[in-house]
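Engineer: dropping the sequence and predicted coords here.
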Amino acid sequence: MAWSGSVFRLAAASPSVQAVATMTSSPWHATLLSLYPEMFPGPLGVSLSGDALNRGTWSLEARQIREHGLGRHRAVDDTPAGGGAGMVLRCDVLSAAIDAIGADERPRLLMSPRGRPLTQGRVRTLSGGPGVIIVCGRFEGVDERVIEGRRLEEVSIGDYVLSGGEIAAMVLLDACVRLLPGVMGKAESGVEESFEARRLEYPHYTRPRDWEGRAIPDVLTGGNHAAIARWREAEALRITRERRPDLLEGEDA
Ligand code: ADE
């Protein structure tokens, strides 16, 4: 069976930049436990998160759970107690992988469709801490005893089922990393503030002024900034009402 036997680390491309970053504060650190560590950094290695990784603003380490597997075949899973389909990740194997990280104050998350839904508020809290340890589940599930015994916080990224927790972990990491100091430019900032204000974004336009018979709304090209602000607020409310009325619950709007 092909498996990566070593800890996979992503080093900053520019050691001098990382040295400066670590002198001032230790970078936000993500440790992943996965059966497919080679999936990382994946999309996190490009654009905002990739640039921040290269600058040493954050660091990522993807560890192979199978290193703690049992026997010649490094088995990590077994059949479910009580019968049924699929396989269950063993508690002794996963706890060994977690314990090998050593004493650590970072929150331990388990990506799972039965977890609490991830919110921008939770992302902001995680981003403001020292980093995260994330277990990426596979198979039918993870033995409940290791979730309890290692106090894993189950997190879901939505009401659908992925084939494993890796892509869900990437979603969570992307959301956290973009909030780290210095990662977002002026252009990208502000969107999540509007989300935390329980409103979806208003529509955006740019040149050309007319396209296929559709014109930019006059108010946006008229130069009246108060009118523009009112229009954007009204549009944000209209779109939120249409698509996510749940965000407005408890408001008079
Ligand atoms: N693993 C599989 N599906 C998932 C989901 N929706 N959220 C988090 N982890 C998952």
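Structural biologist: Great, that's in hand. Fair warning: this is a prediction, and the values are worked out from it, not measured in the lab.
Engineer: and the pLDDT at the residue nearest the centre of the chain?
Structural biologist: Per Cα atoms, centre = their mean, the C-alpha nearest to the average position across the chain is that of residue 172, at 0.8 Å. Turning to residue 172, the model gives it a pLDDT of 98.
Engineer: outline the domain layout of the protein.
Structural biologist: The record, using automatic domain parsing to delimit domains, assigns the chain the ranges 2-177, 192-248.
Engineer: pretty sure residue 171 is touching residue 157, no?
Structural biologist: Yes - using Cβ atoms under 8 Å, residue 171 is in contact with residue 157, at 5.0 Å. Yep, even glycine has a C-beta here, placed from its N, CA and C like the rest.
Engineer: what sits in contact with each of the two?
Structural biologist: Listed as contacting both residue 171 and residue 157 by Cβ atoms under 8 Å, 6 or more residues apart in numbering are residue 118.
Engineer: surely residue 63 and residue 38 touch.
Structural biologist: No - judged on Cβ under 8 Å, residue 63 makes no contact with residue 38 at a distance of 11.6 Å.
Engineer: neighbours of residue 63, how many?
Structural biologist: Neighbourhood size, residue 63 [other Cβ atoms under 10 Å]: 23.
Engineer: quick one: the strands in the stretch 1-150 of the chain, in order.
Structural biologist: For the stretch 1-150 of the chain, the strands defined by DSSP state E, counting those that start in this stretch occupy 8-9, 28-34, 58-64, 77-78, 88-89, 108-117, 131-136, 141-142.
Engineer: tell me which residues in stretch 169-181 are buried?
Structural biologist: Neighbour counts over stretch 169-181 (16 or more other Cβ atoms under 10 Å) mark 169-173, 175-180 as buried.
Engineer: how about the residues of the stretch 51-200 of the chain by the ligand?
Structural biologist: 111-113, 137, 156-158, 160-162, 165, 168 (Cβ under 6 Å from any ligand atom).
Engineer: try it again at 5 Å.
Structural biologist: Counting by Cβ under 5 Å from any ligand atom, the stretch 51-200 of the chain comes close to the ligand at 111, 113, 156-157, 161-162, 165, 168.
Engineer: name only those of those residues that count as buried.
Structural biologist: 111, 113, 156-157, 162, 165, 168.
Engineer: can you list the buried residues of stretch 169-181 in a markdown table and add distance to residue 44 and secondary structure?
Structural biologist: Output for the buried residues of stretch 169-181, formatted as a markdown table (distance: Cβ to Cβ, whole Å; DSSP: H, G, I helix; E, B strand; the rest coil):
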| residue | distance to residue 44 | secondary structure |
| --- | --- | --- |
| 169 | 9 | helix |
| 170 | 6 | helix |
| 171 | 10 | helix |
| 172 | 11 | helix |
| 173 | 6 | helix |
| 175 | 11 | helix |
| 176 | 11 | helix |
| 177 | 7 | helix |
| 178 | 11 | coil |
| 179 | 14 | coil |
| 180 | 13 | coil |
